[in-house]
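Peer 1: curious how this folds, go ahead:
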Amino acid sequence: MDANRRVFLGAAALGVGGMMADQARALEHDHGDPGQGGFGRDVQQLPSGAQVAYHDPKDVGAMPDFRFSLDGSVPKITSGGWAKEATVHQFPISKGIAGVHMFLDPGASRELHWHAIAAEWAYVIDGRCQTVVLDPSGASEINNYEPGDLWFFPRGHGHSIQTIGDKPCHFILSFDNGAFSEHGTFSITDWIDVTPKDMLAQNFGLPKEAFDAFPKGETYIQAGPAIPLSQALDAPWPKDSTHKFRLLKDPRAVREFEGGTFRLATVDEWPVSKSMSGGVMTIRPGRMRKLHWNVNANEWHFYLKGKGQVPLFGSGGRGKVADFSPGDVAYIPMGFGHAIKNVGDGDLEIVQTWDNGKFEEIDLDAWIKASPNYLVANNFAGVPSETIAKLKQS
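Peer 2: Coordinates of the predicted model:
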């Protein structure tokens, strides 16, 4: 055999060995060499690779933690009550929504204040309270609330919260900005404390000395005498943009689903709530809110009672499952697939909010049912046809 033939056969052998090594690498990681497949209009089919795609976690980032114990966090305590918060600072995944659990003693008030970077949505858990809100036109509304009621204050609107009756009142607050801190609001006592007294005197027509008696620093939640219900008269807004919604009593909020009940207020039922939707979901033992994703908003949960489990799908081979108990919050980023299952013995009750006035979601089983049989069978290659048929009937 001449030298040239030996060189050719050796190169061919190396070529076959190289091809086999390339195929083995492709089967392991589904990655080829740079430029394989062509450029622009000049493209071509590549040899078959891995049967199931390989995901390198470095390509998509780590799956974040999506559970936080709001009620296990440190409360801010004042003379009239307390507040606990979950913002992006304590709960890094929660970029779109922040949450607060606030408790007001009988007679206490959350002082006059406003939020510069977020709107406020609230669900009253127990007790009674009264809010006063002022909008940029100068119009004001006073509303009384009981358990199951909601309020919504657009960003920048001045408002306050006063307990009425002889019971404490506590509620969940949700804000459409994860960076918002309830402890950094624009409060009236704080503003007066840091403003020169000669300017205060000119503004209010009082002598400067009158402001010596005002609080030093921010009151935040102030103790006070209990307000009898008979004296707490409200003055509702006589138009559709009212800041109050009777979530548990308004038939427009009812959205039943298999396995539980859902009460939801969106901008369609409640015109003032332009940047947030929210409600309460109750799931019976052993049942679940099926796999779905939210199209246009991040989702935030506060667990009122029961035991829940949420599997979160984050694309790129990423998935995480977390268990939830009363006082916990969950944050589901927009577009992430998830479900909610009741894994306890009693009802699972959850306050939920979304940072969009329009509520949009897609269920996985509805998507599969809407797809042709051959497409579903091809997606799930190797799955028996009878299983595919049952999958589409689920």
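Peer 1: could you tell me the end-to-end distance of stretch 209-221?
Peer 2: Stretch 209-221 stretches 25 Å from its first residue to its last (C-alpha to C-alpha, to the nearest Å).
Peer 1: please disregard the earlier target; I meant stretch 258-267.
Peer 2: Stretch 258-267 end-to-end distance (C-alpha to C-alpha) = 24 Å.
Peer 1: now do the buried residues in it.
Peer 2: Neighbour-count burial for stretch 258-267, counted by 16 or more other C-beta atoms under 10 Å, picks out G259, G260, F262, R263, L264, A265, T266, V267. Placement of C-beta: from N, CA and C, glycine included.
Peer 1: filter these down to the ones in strands?
Peer 2: Within the buried residues of stretch 258-267, residues falling in strands by DSSP state E are G260, F262, R263, L264, A265.
Peer 1: hang on, isn't the fourth one packed against F359?
Peer 2: Spelled out, it's L264. Yes - judged on C-beta atoms under 8 Å, L264 makes contact with F359 at a distance of 6.4 Å.
Peer 1: quick check: neighbours shared by these two?
Peer 2: Taking C-beta atoms under 8 Å, 6 or more residues apart in numbering as the criterion, L264 and F359 both touch S277.
Peer 1: re earlier: how about TSV for the buried residues of stretch 258-267, with distance to S48 and pLDDT added?
Peer 2: Listed next are these as TSV, based on distance: C-beta to C-beta, whole Å; pLDDT from 0 to 100:
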residue	distance to S48	pLDDT
G259	42	93
G260	45	96
F262	46	97
R263	51	98
L264	47	98
A265	52	98
T266	47	98
V267	50	98
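Peer 1: show me which of the residues you listed is closest to D126.
Peer 2: R263 (16.8 Å; C-beta to C-beta).
Peer 1: and R252, that's in a helix?
Peer 2: Yes - checked against DSSP: H, G, I helix; E, B strand; the rest coil, R252 lies within a helix.
Peer 1: for the stretch 251-394 of the chain, what spans make up the helices?
Peer 2: Along the stretch 251-394 of the chain, the stretches classed as helices by DSSP state H, counting those that start in this stretch are 364-370, 373-379, 385-393.
Peer 1: give me the helices and strands touching the last one, please.
Peer 2: Using 3 or more C-beta pairs under 8 Å, 6 or more residues apart in numbering; DSSP states H and E as the contact test, the elements touching helix 385-393 are helix 364-370, helix 373-379.
Peer 1: with distance to V74 added, can I get the ones in strands among the buried residues of stretch 258-267 in CSV?
Peer 2: CSV is the format used below for these (distance: C-beta to C-beta, whole Å):
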residue, distance to V74
G260, 33
F262, 33
R263, 31
L264, 32
A265, 31
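Peer 1: just the element for M199, please.
Peer 2: Using DSSP states H and E, M199 falls within helix 197-204.
Peer 1: contacts for that helix next, please.
Peer 2: I192, L206, P207, K208, A210, F211.
Peer 1: among those residues, which are in helices?
Peer 2: Mapping the contacts of helix 197-204 onto helices (DSSP state H) picks out I192.
Peer 1: ok, so of the contacts of helix 197-204, who is nearest A366?
Peer 2: Out of the contacts of helix 197-204, the member with the shortest distance to A366 (by C-beta to C-beta) is I192, at 55.3 Å.
Peer 1: and that closest one, what does it touch?
Peer 2: L200, F211, F214.
Peer 1: spatially central residue in the protein, please.
Peer 2: W300 (2.3 Å; C-alpha atoms, centre = their mean).
Peer 1: excluding its backbone neighbours, what's nearest that one?
Peer 2: I97 (4.2 Å; C-beta to C-beta, 6 or more residues apart in numbering).
Peer 1: the one you found and H301 touch, don't they?
Peer 2: No - when contacts are counted by C-beta under 8 Å, I97 is not listed as touching H301 (10.0 Å).
Peer 1: overlap of the contact sets of those two?
Peer 2: Y331.
Peer 1: wait, a strand at V133?
Peer 2: Yes - judged by three-state DSSP, V133 forms part of a strand.
Peer 1: host element of the closest residue to it other than its chain neighbours?
Peer 2: With C-beta to C-beta, 6+ apart as the criterion, V133 has its nearest non-adjacent residue at 4.3 Å, and that residue is H159. Taking DSSP H and E as the definition, H159 sits inside strand 158-163.
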